[in-house]
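K.L.:
let me see the structure of the following:
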Amino acid sequence: MTRRFIGLTDTGIVRAVNQDSYFIDAPQGRFFIVADGMGGHAGGQEASKIATEQIKAYLEEHWDSSIPSEILLKDAIDKANQGILEDQYHHPERADMGTTVVVLIFRDRAWCAHVGDSRLYRLRSSQLAQLTDDHTWVGLALKAGEISQQQAKSHPWRHILSQCLGRKDLYKIDLQKLDIQSGDRLLLCSDGLTEEVSDELIQSCLAQSETCEQAATELVEAAKQAGGSDNITVIIVAED
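P.N.:
Presented below is the predicted three-dimensional model:
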């Protein structure tokens, strides 16, 4: 399969600073990272930057090792969490900072890891599937059947994370093997996209755009036109 990819980030309309961060392993296309920081302007920026840099460095250093991919991913994210905690210790003014993260790798096969509410989607045969579960209060309530999908979209607690990087009590990193086929389109994104753009519009954009660049641009512009209340970051990966 041939792999094509693009990443795009935008501050949005409301925020003065972009606290998102992303990384694309170009030109190889072995791994992709999106992180969405929080905790004030400097704190959010620093947390997402540390996460992407630490995960990138760990994956590059151990890529050719015999470490199983799921362990490699978990260790990379644990390393990032520790890096943020160390920075908090040395910079008490950033003690509240944290970040979400979603990571996609293509090694022995495709794997995904995530913490927080940054997401991974897959478009296959024009059908969109969200492959990650949000680590939010609403996400937990939805999984438990306590609220409906419709209620989740507008629930006042939908932004409350149940876990993120930058916490000593990080208790779970979601890891999953992925079934990837030729023709699939994958989208990694921060919630600045999904808060403004419906899954139906995401599906339409990914299915109808001729290039990854066109799809990424259209999604970011759609989020801005819908209000752009948060930073918007997207990575699109196409398997052909």
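
K.L.:
show me where the protein has its helices.
P.N.:
Under the criterion DSSP state H, the chain contains helices at 41-62, 69-90, 137-143, 149-154, 191-194, 199-208, 212-225.

K.L.:
deepest of these, which one?
P.N.:
The highest mean neighbour count among the helices of the chain, using mean count of other C-beta atoms under 10 Å, belongs to helix 191-194: a mean of 26. Any C-beta I mention is one placed from the backbone N, CA and C, and that applies to glycine too.

K.L.:
elements contacting it?
P.N.:
helix 212-225, strand 232-239 (3 or more C-beta pairs under 8 Å, 6 or more residues apart in numbering; DSSP states H and E).

K.L.:
closest to residue 171 out of those?
P.N.:
Judged by C-beta to C-beta, the one of these that comes nearest to residue 171 is strand 232-239, at 25.5 Å.

K.L.:
direction included, what does that closest one pair against?
P.N.:
Paired neighbours of strand 232-239 in the sheet (DSSP bridges): strand 3-10 (antiparallel), strand 185-189 (antiparallel).

K.L.:
most packed of these?
P.N.:
Highest mean neighbour count among those (mean count of other C-beta under 10 Å): strand 185-189, with a mean of 26.

K.L.:
which residues does it contact?
P.N.:
Residues outside strand 185-189 that contact it (C-beta atoms under 8 Å, 6 or more residues apart in numbering) are 22, 32-34, 102, 104, 118-124, 180, 202, 206-207, 215, 219, 232-239.

K.L.:
buried ones among the residues you listed?
P.N.:
22, 32-34, 102, 104, 118-123, 180, 202, 206, 215, 219, 232-239 (16 or more other C-beta atoms under 10 Å).

K.L.:
where does pLDDT dip in this structure?
P.N.:
152, 155-157 (pLDDT under 70).

K.L.:
turn the helices and strands packed on helix 191-194 into a markdown table, columns for distance to residue 113.
P.N.:
Compiled in a markdown table, these are given as follows (distance: least, C-beta to C-beta, whole Å):
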| stretch | distance to residue 113 |
| --- | --- |
| helix 212-225 | 22 |
| strand 232-239 | 15 |
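
K.L.:
what separates stretch 178-187 from the chain centre, distance-wise?
P.N.:
Between the centre of stretch 178-187 and the centre of its chain there are 16 Å (C-alpha atoms, centre = their mean, to the nearest Å).

K.L.:
quick one on the thing from earlier: nearest to residue 73, out of the strands paired with strand 232-239?
P.N.:
strand 185-189 (13.9 Å).

K.L.:
now the angle from that closest one to helix 212-225?
P.N.:
40 degrees (axes from the mean of the first three to the mean of the last three C-alpha atoms, to 10 degrees).

K.L.:
can I get strand 185-189 in PDB, CA atoms only?
P.N.:
Only the C-alpha atoms of strand 185-189 are listed here, as PDB (Å, rounded to 0.1, in the frame of the first residue of the first chain):
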ATOM      1  CA  ARG A 185      -8.800   7.200   5.300                       C
ATOM      2  CA  LEU A 186      -7.700   7.800   8.900                       C
ATOM      3  CA  LEU A 187      -8.200  11.100  10.800                       C
ATOM      4  CA  LEU A 188      -6.400  12.000  14.100                       C
ATOM      5  CA  CYS A 189      -7.800  15.200  15.600                       C
END
